[in-house]
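S.K.: model this:
(one chain, ligands or ions: 2)
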Amino acid sequence: MAFKAVIFDLDGVLVDTAKYHFIAWQKIASELGISFSKADNEHLKGVSRVKSLELILSWHNKSLSPSEFEAALKRKNEIYLEYIYTLQPNEIMPGVVPFLEELKKLGIPIAVGSASKNAPLILDKLGLTPYFKSIVDGNSVSKAKPDPEVFLVAAQKLETAPEDCLVFEDAQAGIDAAVAGKMTAVAIDPEHQLKNHHAHLVGFEGVSYHSLTQLLSA
Ligand code: B16
Ligand code: MG
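M.R.: Ligands and ions are numbered 1, 2, ... in the order given. Presented below is the predicted three-dimensional model:
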C-alpha cells in the first residue's frame with residue numbers, strides 16, 4: 001500500500017503530554033471543589049480544551065459563568081505551560097525519531113493534525129519542527145475531532161488527496177476523524193482500547209514505515 005503523505009496527531013503519538021494535562025486539570029478541578037481522576041483524564045484525549053472543561057463540569061452537574069469559564073481555561077493552560085516549557089527532546093515517544101527519519105529519507109511529506117493550540121510550541125521544545133511541512137492545530141480549525149476538518153486541512157497543505165494519506169492517532173475521536181476523512185488510520189494504542197482503525201501499534205519502537213505499509217497491504 002503506497003501513501004503519498006503522512007499525518008501525525010501530537011499528544012499521545014509524538015509525545016506523552018497526557019500526564020501534564022492531567023496535573024493541570026486536577027488543579028483546576030480541585031479549585032472548583034470537584035474531583036478529577038486519571039480515568040477521567042482518559043476521556044479527554046484528543047478533546048479540545050473548551051470541550052474538556054465542558055465535560056468535566058457536566059460530570060458534576062456544575063456550571064460556571066462565561067467569565068469564570070474563560071478564567072478556568074486560561075489558568076488550566078498557564079499550569080500546563082509551566083510543564084511544557086521544561087519539555088526535553090528525550091520525552092519524544094520511543095521510536096518516533098527513527099520513524100520520522102525514514103519518512104524524510106523516502107521524501108514523504110508529513111504534517112501534524114492536533115487539537116492542541118500549543119502544538120507549535122511543543123514541537124519546537126522537542127526539536128521536531130523541521131520534520132513537518134505543515135502544522136495544523138486547534139488554532140487553525142473550527143470543528144473538533146471526530147470531525148475530519150483538521151486532517152483534511154493537513155492533507156490540503158500536503159497537496160495530497162485524503163485517500164493517499166496515512167494518519168497516526170491515539171484517541172477514538174481522532175481515529176473516527178481520519179476514517180471520516182477517507183484516510184487510512186493507524187491506532188497508537190498500548191491498552192488495545194481503540195476500534196475502527198486500519199492497523200494497530202503499541203508504539204513506534206522497532207516499527208519501520210516499510211514494515212507497516214506491508215502489514216496494511218496484507
Ligand atoms: P491544548 P492531540 C489534544 O491533543 C489532547 O489530546 C487533549 O487532551 C487536549 O485537551 C487538546 O489537545 C487541547 O490541547 O489545551 O494544548 O490546546 O491529541 O489532538 O494532539
Ligand atoms: Mg492525541
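S.K.: quick one: Glu205 and Ile92 touch, right?
M.R.: No - in terms of Cβ atoms under 8 Å, Glu205 does not count as a neighbour of Ile92; the distance is 11.5 Å. C-beta here means a position set from N, CA and C on the backbone, and glycine is covered the same way.
S.K.: which one's more surrounded, the two?
M.R.: Each of Glu205 and Ile92 has its neighbours counted (other Cβ atoms under 10 Å); Ile92 has more, 18 against 12.
S.K.: tell me the contacts of Phe204?
M.R.: For Phe204, the contacting residues are 93-96, 98-99, 188, by Cβ atoms under 8 Å, 6 or more residues apart in numbering.
S.K.: Leu216 now?
M.R.: Here Leu216 is in contact with 1, 166, 184, 186, 198-199 (criterion: Cβ under 8 Å, 6+ apart).
S.K.: just say helix, strand or coil for the nearest residue to Thr129 once chain neighbours are set aside.
M.R.: The shortest distance from Thr129 to any non-neighbouring residue, by Cβ to Cβ, 6 or more residues apart in numbering, is to Leu123 (4.7 Å). Using DSSP: H, G, I helix; E, B strand; the rest coil, the secondary structure recorded for Leu123 is helix.
S.K.: okay, now Leu123: neighbour count?
M.R.: By other Cβ under 10 Å, the burial measure for Leu123, its neighbour count, is 22.
S.K.: could I get the contacting residues of it?
M.R.: When contacts are counted by Cβ under 8 Å, 6+ apart, Leu123 touches 10, 14, 112, 129, 132, 135.
S.K.: using CSV, lay out those residues together with neighbour count and secondary structure.
M.R.: Formatted as CSV, those follow (neighbours: other Cβ atoms under 10 Å; DSSP: H, G, I helix; E, B strand; the rest coil):
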residue, neighbour count, secondary structure
Leu10, 24, coil
Leu14, 29, coil
Val112, 26, strand
Thr129, 14, helix
Phe132, 22, coil
Ile135, 21, strand
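S.K.: and these, which is closest to ligand 1?
M.R.: For ligand 1, the nearest member of these is Leu10. The distance, counting by Cβ to the nearest ligand atom, is 3.5 Å.
S.K.: how about that closest one: what's its closest non-neighbour residue?
M.R.: Counting by Cβ to Cβ, 6+ apart, Ser114 is the residue found nearest to Leu10 once chain neighbours are left out, at 3.8 Å.
S.K.: now do the phi/psi pair for that neighbour.
M.R.: Geometry field for Ser114 lists phi and psi as phi -130, psi 150, criterion degrees, to the nearest 10.
S.K.: go back to the contacts of Leu123 and keep what's next to ligand 2.
M.R.: Among the contacts of Leu123, proximity to ligand 2 is found for none (Cβ under 5 Å from the ion).
S.K.: gap between Leu166 and ligand 2?
M.R.: Noted for Leu166: a distance of 16 Å to ligand 2, by Cβ to the ion, to the nearest Å.
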